[in-house]
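In: quick one: sequence and predicted model below, then my questions.
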Amino acid sequence: MTAMWAFDYRRFANLTIALLIINVVLILLPHIPGLGTDAGMGAKSWIKLGIQVQPGEFAKVTVVLFAASLVARYQGTLDDWGEYCKVLGMLLIPFAAIMTQPDLGTGLVYLAIAAVVLIMGGAKARFLVITLVAAVIAVAAVFAVDEMLKYQLEDGTWEYRLLKNYQRSRLLVFLDPEGDLSGDGYNLAQAKIAIGSGGLFGKGLLNATQSTHGFLPEAPTDFIFCVLAEEFGFVGVMTLIALYAAMIVLCLAIARRADNLFGMLVVMGIIGMWLFQILENIGMDCGLMPITGIPLPFVSYGSSFMVVNFALIGLIGSVYSHTPTQSSFASTPSHGRKAS
Amino acid sequence: MLVVIAVAVLAAVIVIVVVAAALAAKSRSATPSVGKSKGVSELSTVGVGSSPFERRTQAKAARDGEVTVTSSETGAASKKPSDELGGRFAALGAAALVIFGALSAKLWSMQILGNTEYAEAAEENLYTTVKTPAPRGCIYDAYGEPLVVNRPSQTVIADPEVADNRDVVRRLSTVLGVPANVVLQRINDASAGAQSLRVVGEDVRLRDVAFIAEHADAFPGVTVEERSLRTYPHGALAAHVLGYTGAPSEELLERKNEGREILAIDTVGSAGVEATYDAYLSGEHGVSQVMVDASGRRISVMSDIKDSKGNDLYLTLDAKAQYVADTALAETIAPNGGVIGTGKGSKGAVVALDVTDGSVAVMASFPTFDPTSFTGAISDELFQKYQQEEAYAPLNNNAVSGQFMAASTFKAFTSLAGLEYGFADEKSSWTCTGEWDGFGSGDIQRCWRRDGHGTLNLRDGIVVSCDTVFYEIGKAFYDHGPNGTGEISETALQDYLRQFGFGAKTGIDLGGEAVGVIPTPAWKAELFRNRPAEASFRGGDYTNMIIGQGDVLVTPLQIACGYAGVATGRIMQPHLLKEVRNGEGEVVVSFEPVVERTPEVTEKHLAYVREALHGMVQESAGVAQLFAEQGLDAAGKSGTGEKQNENDTAWFVAYAPFKEPKYVCACVVEQAGGGSDVAAPIVAKVLGALMDSVEGSSQVEIGRVAGSPGDSIPIAVNDAGRED
């Protein structure tokens, strides 16, 4: 984090293509035979390097940098339909890469980063709306095509070609939580019980029966929020949310003050990513969002993601510390250059 | 994991504090140093100035003619990339606000508003109720003699997870001597609840129990408990009354909501009073609240309500007289090792009632069984043997469910019918020649005494059991019926007999009661519906019925009740329950006598018949002596039912004392011969034993009654003819 802070983020600015390559390589690493391992969900998103790491998590940093540098590079041209499409296409590359694992959760994070960067990069509002509509149509199309391509296995169950069965079931559970109380529905029900039973002040550290007695699955990782909610109650989770809000506000302030588009977009991309992850993780625990394996920033257990978050903090710090203070704006380099 | 949480929270806090502090410090330091350009110059050399990105932007901006940094002279603001996007910043900020707001609102609704509901769900997850069976109540006779008690049984119990531990299952299999798959099956039996402890072995030998206890490390999840099993101190004594217990049937388990809660771990009464009074005998389950984890492991026991033993039953039986009856039947029918055919007859029953209140003092049935065979798992071999025809149905209670030809025991009731209808009185007399063809049909009916009784009145007809006298009375019923003068209905005799309880259940507190048969024209028409020529109800049907032969079928209990009616003028509902006592010995339920029926009978006629019955006992050579030996002044009647190719059915029924009747006792032995020969000695002994108990002078030592082995040899047929 400190290294990132000291490092001048602007050095990443012109490395767009290099960052894209790094991204894709990182994301595709688990596909190398012998290197990738199965996380247990059928998705190859881990690699073994002495310790298990998720390159897709590290790629979040480079995706932010890549998106920011790309959009900054095309600054001012995003009101042109052709240029816009070019940028959009390139932004979708990391997403496409991660979907080969496939890891929809991380992919959605990439999309969130790309979306925020695109919005804040000055893309024309009309284009953004068109993109959104196109995305909705694309998702619907995926389901429609999936339905057409499905085939029955020998045991009578249906196998789909595009979406994994677990993804499908998670979505269905989200739509109908009472429908299946054994698998994903059970997880969701137990998560809600954990949160709800926390009450105002929680059951206290170590007294969280839902998690310590194993009713809550994946307690240290994806469902960590439930543990907090159960142990510390409403007061505890509101403290956490307040901390998140403070963090976002501070980041927004830094972005607002950034003296160049790249810097601002980096911070905004990170904000987008965090916001999305917070919304998705807490949202899924409460039943507001479908279940995905997206961790909660700074809280979920997982070394890859923790390292990434601190790297991102460092990046924001870098943007901050390399932004001239109010008083020195008069002599910003741009000003100077204008004179030259 | 908790450490991780704590560290994570701490990290998040630290990060934010650091950022905030840094920001604050920066702006503070910035304020006074306006125009300070050290940092700026650094920046320009190191950073943006040399960045190709900046150059490109600037070039592009220059191309578009937009890059004009205004108001530089004020020094207050420069163009920042965010300036043009204020709206979008606001929108993003608003989005963040909405996200946090929505999450907070949802959390508020779940944690504050929905807390109770979710907390309950968490409790439900966490706690499970586990039930343990309670010992059943004991059963005693009227004098407090224990008939059914519990004995401790070493029970090996396992946690459900033991099923996953192959080693432990194998060890249990070795120690208990049960195949491993059976052990596994018992452990996996979740019928008592998902978290219930599973019974792996009952009645385990003490040294095996000790082995398990000493090697607790080798048997994780296995415990040894002392539970109770039924035991029968007197073996097969009153076995049919007591019944037996067993595992609840599927049907019973499904009717859980009716009355008491029955679980698969329970034993329930399957027959006898064990079944009738199951609700009293079964105790309250032990209930423990157990804290479990998601995989069902017990973490701790929160509360534990001890099971409470069921109530004790006190029956009306007199165990001493019962023992006399059980052994007398066994000695008569199967003196040699319980094998039927080694004595007289195939099966039999003895019933004795207290005529004053209907209490059943003795109820014996032979062949019999030892209910001990039914505790734990009944020996399948024995059970199969009992189903064989040559076993003569040892599980059947002949006293209640057995239907026998009434034979001459019926004459007490039919003579009362004749007296009431005026077809006979104290002055009537008939002449018996040994043969009778009253209907002039050529179908000769015989008196049991082939050379005839000569001329005799009704009293003597009863005493010597002259059939001819009763043929005449039967003919009178026919002659006055629809086929004759039409003064009375064609079922006048049957209807009268029904007043004494024939053809109907007595209402005793035992299951499986048979009703017997009192033939009527409608009954006969139904029986011969495929042979209409034989279906008509003729005079012969009356004359057969009136001597209790032909199609008349009765249960020993019906005969006993009927004679109680003769003795007292009213019939009490027979019952076995005296009282129910709780654990403190307090009487919870006490049986109140119920008058079942009061036959319409003139006291004069009753007295006449009673005197005749008294005379029968006093004046019949063999019989008089039997009762005299017991010191009894009894009234009674023998009966001998005739069947083709079989020995006669022996009946005897008597009540005593004659002047102030207390007990009535009926005995039947099928394929045994004459009633006075076979049944009367048993009745005399039982009545004697009962009166001894009342007087407190009983010398009977209750021994152990053996269950029948289920074997028999062919019964030799004695064709000597009836000797009533």
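Out: Perfect, I can see it now.
In: neighbours of the closest residue to chain A within the stretch 551-700 of chain B, how many?
Out: At 37.4 Å from chain A, residue B:583 is the closest residue in the stretch 551-700 of chain B, using C-beta to the nearest C-beta. C-beta coordinates here come from the backbone N, C-alpha and C atoms, glycine included. Number of residues near residue B:583 (other C-beta atoms under 10 Å in any protein chain shown) recorded here: 13.
In: part of a helix, is it?
Out: No. According to DSSP: H, G, I helix; E, B strand; the rest coil, the state of residue B:583 is coil, so it is not within a helix.
In: isn't it up against residue B:284?
Out: No. Using C-beta atoms under 8 Å, residue B:583 is not in contact with residue B:284, being 10.5 Å away.
In: what sits in contact with each of these two?
Out: residue B:308 (C-beta atoms under 8 Å, 6 or more residues apart in numbering or on different chains).
In: Three-state assignment for residue B:227, please.
Out: Residue B:227 - assigned by three-state DSSP - is strand.
In: tell me who's in contact with the closest residue in space to it that isn't next to it in sequence.
Out: Nearest residue to residue B:227 in three dimensions, chain neighbours excluded: residue B:155, at 4.4 Å (C-beta to C-beta, 6 or more residues apart in numbering or on different chains). Contact analysis of residue B:155 by C-beta under 8 Å, 6+ apart lists B:199, B:201, B:202, B:203, B:204, B:224, B:225, B:226, B:227.
In: kindly give a single PyMOL line that selects the buried subset of these.
Out: Buried members of the contacts of residue B:155, defined by 16 or more other C-beta atoms under 10 Å in any protein chain shown, are picked up in PyMOL with:
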select buried, chain B and resi 199+201+202+204+224+227
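In: quick one: low-confidence ranges for the stretch 201-340 of chain A?
Out: Along the stretch 201-340 of chain A, the parts satisfying pLDDT under 70 run over A:204-221, A:302-303, A:324-340.
In: swap in 50 and give it another go.
Out: By pLDDT under 50, the low-scoring segments of the stretch 201-340 of chain A are A:326-340.
In: kindly report the same for the stretch 1-150 of chain B.
Out: Scanning the stretch 1-150 of chain B for pLDDT under 50 picks out B:1-3, B:24, B:27-77.
In: next up, identify which helix or strand the residue of the stretch 101-250 of chain A found nearest chain B is on.
Out: At 2.5 Å from chain B, residue A:196 is the closest residue in the stretch 101-250 of chain A, using C-beta to the nearest C-beta. Residue A:196 belongs to helix A:184-198 when elements are defined using DSSP states H and E.
In: residue contacts, the nearest residue to residue A:255 once chain neighbours are set aside?
Out: Once flanking residues are discounted, residue A:255 sits nearest to residue A:267: 3.9 Å by C-beta to C-beta, 6+ apart. Contact analysis of residue A:267 by C-beta under 8 Å, 6+ apart lists A:251, A:252, A:254, A:255, A:258, A:315, A:316, A:319.
In: next, the second one: phi, psi?
Out: Read that as residue A:252. Dihedral angles of residue A:252 (phi, psi; degrees, to the nearest 10) stand at phi -60, psi -40.
In: that one contacts residue B:88, correct?
Out: No. Counting by C-beta under 8 Å, residue A:252 stays clear of residue B:88, with 11.4 Å between them.
In: count the residues that sit near residue 237.
Out: Reading this off chain A. 27.
In: you answered for a different chain; I wanted chain B.
Out: Neighbours of residue B:237 under the rule other C-beta under 10 Å: 28.
In: so it is in which element?
Out: For residue B:237, there is no enclosing helix or strand under DSSP H and E.
In: which non-adjacent residue is nearest it?
Out: With C-beta to C-beta, 6+ apart as the criterion, residue B:237 has its nearest non-adjacent residue at 4.4 Å, and that residue is residue B:705.
In: can you pull out the strands in the stretch 151-300 of chain A?
Out: Along the stretch 151-300 of chain A, counting by DSSP state E, counting those that start in this stretch, strands occupy A:151-152, A:158-159.
In: ranking these by mean pLDDT, which is last?
Out: Lowest mean pLDDT within the strands of the stretch 151-300 of chain A: strand A:158-159, a mean of 68.
In: separation between residue B:494 and residue B:639?
Out: 19 Å (C-beta to C-beta, to the nearest Å).
In: now do residue A:113
Out: Counting by C-beta to C-beta, the gap from residue A:113 to residue B:639 is 105 Å.
In: one step back: higher neighbour count, residue B:494 and residue B:639?
Out: residue B:639 (32 against 22).
In: name the element the more buried one belongs to?
Out: Per DSSP H and E: residue B:639 is located in strand B:635-641.
In: output that strand as PDB, nothing but the C-alphas.
Out: Extracted C-alpha coordinates of strand B:635-641, given in PDB (Å, rounded to 0.1, in the frame of the first residue of the first chain):
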ATOM      1  CA  ALA B 635     -75.400 -74.100  42.000                       C
ATOM      2  CA  GLY B 636     -74.500 -74.900  38.400                       C
ATOM      3  CA  LYS B 637     -75.000 -76.700  35.200                       C
ATOM      4  CA  SER B 638     -72.900 -79.000  33.100                       C
ATOM      5  CA  GLY B 639     -72.900 -79.100  29.400                       C
ATOM      6  CA  THR B 640     -71.600 -81.400  26.700                       C
ATOM      7  CA  GLY B 641     -71.600 -80.200  23.200                       C
END
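In: what is the subsequent helix or strand relative to it?
Out: Using DSSP H and E, the next helix or strand after strand B:635-641 towards the C-terminus is strand B:649-656.
In: against which helices or strands is that next one packed?
Out: Helices and strands touching strand B:649-656, by 3 or more C-beta pairs under 8 Å, 6 or more residues apart in numbering or on different chains; DSSP states H and E, are strand B:404-405, helix B:556-568, helix B:621-629, strand B:635-641, strand B:663-670, helix B:675-695.
In: can you name the residue of the stretch 1-150 of chain B nearest chain A?
Out: Chain A sits closest to residue B:118 of the stretch 1-150 of chain B, with a gap of 2.5 Å, by C-beta to the nearest C-beta.
In: wait, that residue sits on residue A:192?
Out: Yes. Between residue B:118 and residue A:192 there is a contact under C-beta under 8 Å: 6.8 Å.
In: overlap in contacts, these two.
Out: residue B:110.
In: show me what counts as buried in stretch B:172-185.
Out: Across stretch B:172-185, burial judged by 16+ other C-beta under 10 Å covers B:172, B:173, B:175, B:176, B:178, B:183, B:184.
In: for chain A, see how far away the fifth one is.
Out: For residue B:178, the distance to chain A equals 33 Å [C-beta to the nearest C-beta, to the nearest Å].
In: now that residue: phi and psi?
Out: Main-chain torsions, residue B:178, degrees, to the nearest 10: phi -120, psi 140.
In: surely it meets residue B:202?
Out: No. Between residue B:178 and residue B:202 no contact is recorded; they are 10.7 Å apart, counting by C-beta under 8 Å.
In: can I get stretch A:58-66 in PDB, CA atoms only?
Out: Extracted in PDB, the C-alpha atoms of stretch A:58-66 (Å, rounded to 0.1, in the frame of the first residue of the first chain):
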ATOM      1  CA  PHE A  58      -5.100  -9.000  -8.800                       C
ATOM      2  CA  ALA A  59      -6.400  -8.200 -12.200                       C
ATOM      3  CA  LYS A  60      -8.900  -5.900 -10.500                       C
ATOM      4  CA  VAL A  61      -6.100  -3.400 -10.000                       C
ATOM      5  CA  THR A  62      -4.900  -3.600 -13.500                       C
ATOM      6  CA  VAL A  63      -8.400  -3.500 -14.800                       C
ATOM      7  CA  VAL A  64      -9.000  -0.200 -13.000                       C
ATOM      8  CA  LEU A  65      -5.700   1.200 -14.400                       C
ATOM      9  CA  PHE A  66      -6.400  -0.100 -17.800                       C
END
